[in-house]
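Student: following is a predicted model, sequence given first.
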Amino acid sequence: QQPPHAVELNPVLQPLSWLLGTWESDEPGEGTFPSIKPFRYTEKLHFSHVGQPVINFMFNAFHAESNKPLHRECGFIRIQQGTNRVAFIIAQNSGLVEIEEGELTSNQLKLQTQSLGRISFAKEPHVQQISRVFQLRPDGKLEQTVSMATDNHPLTQHLHIIYNTKFLTPGL
């Protein structure tokens, strides 16, 4: 079996190329929200492309102590050509489907919910809004902060984690 071909990055994606690869948290992140018990988690992020003007992503979170699988997200990232406008199209294992849009400034990506859908039997209280910030820090680490609003609580920080390791995937 031959190794995968290196696919050239679509030039539209160049401003987001710093995301590409696999990022892992070495130290657990913190999860909090007024309606839940605080928790610690680890997470692996994988950003890839196949030459199209789209980045594919998969996020997998695990409980820091038990290593039990927690949150999963997968989807696509698009950038409006010639602008700094970015969109995440996300499907979550909780039954939430979301479009987040925002702006890329240098090595920071700020996003917020534009559209939200959920399965008919989704757990309550329902998520009403999500905002997230990805920041590539000067030390080369990737930081993510996620805030969330539900039926019962206004937009409040929910998750914060720093990814310390980056593995480039062949073909990126």
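Tutor: Thanks, I have the structure now. Numbering: from 1, shown residues only.

Student: quick check: residue 113 touching residue 146?
Tutor: No: with contacts counted by C-beta atoms under 8 Å, residue 113 stays clear of residue 146, the gap being 11.2 Å. For glycine as for every other residue, the C-beta is placed from the backbone atoms N, C-alpha and C.

Student: hey, what's in contact with both of these two?
Tutor: Both residue 113 and residue 146 are in contact with 130-131, where contact means C-beta atoms under 8 Å, 6 or more residues apart in numbering.

Student: so for those two, which residue has more residues nearby?
Tutor: residue 113 (21 against 18; other C-beta atoms under 10 Å).

Student: got the contact list for the more buried one?
Tutor: 98-100, 128-131.

Student: what do you get for residue 97?
Tutor: 90-91, 116-118.

Student: check residue 143 too.
Tutor: Contact partners of residue 143, counting by C-beta under 8 Å, 6+ apart, are 133-135, 137, 160-163.

Student: which residue packs closest to residue 122, ignoring adjacent ones?
Tutor: residue 95 (4.6 Å; C-beta to C-beta, 6 or more residues apart in numbering).

Student: not counting sequence-adjacent ones, nearest residue to residue 33?
Tutor: residue 158 (5.1 Å).

Student: what residues does the one helix or strand that neighbour maps to touch?
Tutor: Using DSSP states H and E, residue 158 falls within strand 156-163. The contact list for strand 156-163 (C-beta under 8 Å, 6+ apart) reads 23-25, 27-34, 41, 43, 45, 137, 141-149.

Student: mind giving me the packing neighbours of the helix or strand residue 23 falls within?
Tutor: Residue 23 is part of strand 21-24, with elements assigned from DSSP H and E. Here strand 21-24 touches strand 36-48, strand 165-167, going by 3 or more C-beta pairs under 8 Å, 6 or more residues apart in numbering; DSSP states H and E.

Student: what lines up beside the helix or strand that the longest one is followed by in the sheet?
Tutor: Proceeding N to C from strand 36-48, the next assigned helix or strand is strand 54-63, under DSSP H and E. Based on DSSP bridges, the pairing partners of strand 54-63 within the sheet are strand 36-48 (antiparallel), strand 69-79 (antiparallel).

Student: and those strands as TSV, adding mean neighbour count, distance to residue 59 and mean pLDDT?
Tutor: Output for the strands paired with strand 54-63, formatted as TSV (neighbours: other C-beta atoms under 10 Å; distance: least, C-beta to C-beta, whole Å; pLDDT from 0 to 100):
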stretch	mean neighbour count	distance to residue 59	mean pLDDT
strand 36-48	16	5	97
strand 69-79	17	4	97
